[in-house]
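[1] The amino acid sequence is not available; the structure is as follows:
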């Protein structure tokens, strides 16, 4: 039950949210955290050639997703223009030469399987579907393409990939959720990413609002690049997410925790 509690939105004795006073990272278990930390140190020495691989607003077929029981990022089965704006902004943050950004019909499942292993940072801004009964079939909805792929990137498929990324961001609904496994923590998309080799994953605890998510994610990545508040350099991933959440919190239209507290960092927060 505690896994579903947004600790970042708890209020301290000084009447401030926890995230205003501390950067927060979640760990599925201490054993998993130790392994995630070990993988991060190992990956520093062999960084992939491409900095960013991002997919946003994939072109999906409504009939296929309705049959799959999709839970959309914005609560509707519809295009996500803000998700497209999100990944386009990330291209500018990281630079076109170091980025591979795919939108619409180009945001295909087989591209992930072919190119994700060469990227240092993975970012998916798409519809997400939670399958509580069978968490390994929870998935991200991408565009269909060749190679016999159906466009549904399922957790069990992620587990079979060999990724070298230091960070994966699943900017979709309920990607932090799944089924509790004894000794393993929450088993779902984030767990599958870890098994594939990623030590740090940013995922959502509920059905997030799409415009606020766009602003949060762009601020988060700018913080990682040293372009956040105060232009700090060498900001940890957990601190970058904290700064992005606080920035949304200070705006009247996104001040409620619903807008800024939905995403959490799982794994190594450094």
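    Ah, there it is. What you are looking at is a predicted structure, and each value in this text was computed from that prediction instead of being measured. Residues are numbered from 1 along each chain as shown.

[2] What segments of this structure are strands?
    Listed in chain order, the strands of the chain (DSSP state E) span 50-58, 99-104, 119-125, 127-129, 139-141, 152-154, 167-171, 178-181, 185-188, 200-204, 263-267.

[3] can you tell which of the ones you listed is closest to residue 244?
    Proximity to residue 244 (CB to CB) singles out strand 263-267 among these, at 8.6 Å. No exception for glycine: its C-beta is placed from N, CA and C like everyone else's.

[4] Where does the prediction get shaky in this structure?
    43-47, 62-77, 176-187, 229-232 (pLDDT under 70).

[5] about what we covered before: TSV please, covering the strands of the chain and showing mean neighbour count and distance to residue 236.
    TSV is the format used below for the strands of the chain (neighbours: other CB atoms under 10 Å; distance: least, CB to CB, whole Å):
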stretch	mean neighbour count	distance to residue 236
strand 50-58	25	18
strand 99-104	19	22
strand 119-125	25	15
strand 127-129	25	26
strand 139-141	28	26
strand 152-154	23	28
strand 167-171	27	11
strand 178-181	17	25
strand 185-188	22	21
strand 200-204	26	10
strand 263-267	26	9
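
[6] Let me have those in CSV, adding distance to residue 210 as columns.
    Listed next are the strands of the chain as CSV, based on distance: least, CB to CB, whole Å:
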stretch, distance to residue 210
strand 50-58, 10
strand 99-104, 15
strand 119-125, 9
strand 127-129, 10
strand 139-141, 14
strand 152-154, 19
strand 167-171, 9
strand 178-181, 22
strand 185-188, 21
strand 200-204, 11
strand 263-267, 13
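
[7] Among the ones you listed, which comes closest to residue 13?
    Between the strands of the chain, strand 263-267 lies closest to residue 13; by CB to CB that is 22.7 Å.

[8] mind checking how far that closest one is from the chain centre?
    Centre-to-centre, strand 263-267 and its host chain are 8 Å apart (CA atoms, centre = their mean, to the nearest Å).

[9] Thank you, goodbye.
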